[in-house]
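A.B. asks: What follows is a predicted protein model with its sequence.
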Amino acid sequence: MGEISVDKHHLDHLLADSASAYGAPYQEAFASLAASHRGRPAAEIQPLLRAAADQALLGFTPADLREQAEAISTGAPYALRISVTG
């Protein structure tokens, strides 16, 4: 299970929020990849997650992204702990 710290002013980078003007919430990108890439190798999924994290300006570590990619690949549930700062 991963953990990330997000400034309260940037929470919309991570979570889908219809009131936000921010265009690339990570939650939506993750859900889309989970739907389209289940069963594919984690090594193929991880760079796509990195691109989504970079676009959303989130600092996931390579280990975090590997864990998420493995969850998508196997169809296992993935839980992310979020610490809101600021």
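C.D. replies: Yep, it's here.
A.B. asks: Need the mean per-residue confidence for stretch 52-71.
C.D. replies: For stretch 52-71, the mean pLDDT works out to 89.
A.B. asks: Buried residues, it. List them.
C.D. replies: The neighbour-count criterion (16 or more other CB atoms under 10 Å) identifies 52-53, 56, 58, 60, 64-71 as the buried residues of stretch 52-71. The C-beta positions use only the backbone N, C-alpha and C, and glycine is treated the same way.
A.B. asks: Which members of those residues are the farthest-apart pair?
C.D. replies: A56 and E70 (20.2 Å; CB to CB).
A.B. asks: For the nearest residue to P77 once chain neighbours are set aside, what is the enclosing helix or strand?
C.D. replies: Excluding the flanking residues, the one nearest P77 by CB to CB, 6 or more residues apart in numbering is A71, at 7.0 Å. Using DSSP states H and E, A71 sits in helix 62-74.
A.B. asks: just L33 next, same as before
C.D. replies: Assigned by DSSP H and E, L33 falls in helix 26-37.
A.B. asks: so what secondary structure elements neighbour that helix?
C.D. replies: Packing partners of helix 26-37 (3 or more CB pairs under 8 Å, 6 or more residues apart in numbering; DSSP states H and E): helix 42-55, helix 62-74.
A.B. asks: Centre of the chain to it, how far?
C.D. replies: 8 Å (CA atoms, centre = their mean, to the nearest Å).
A.B. asks: same check, this time on stretch 29-39
C.D. replies: 11 Å.
A.B. asks: Please apply the same query to stretch 76-84.
C.D. replies: 9 Å.
A.B. asks: Show the end-to-end separation of that stretch, please.
C.D. replies: 25 Å (CA to CA, to the nearest Å).
A.B. asks: So which bits of it are buried?
C.D. replies: If you call a residue buried by 16+ other CB under 10 Å, then stretch 76-84 has these buried ones: L80.
A.B. asks: Ok, stretch 38-57 next?
C.D. replies: Burial within stretch 38-57, assessed by neighbour count using 16+ other CB under 10 Å, is assigned to 42, 45-46, 48-49, 52-53, 56.
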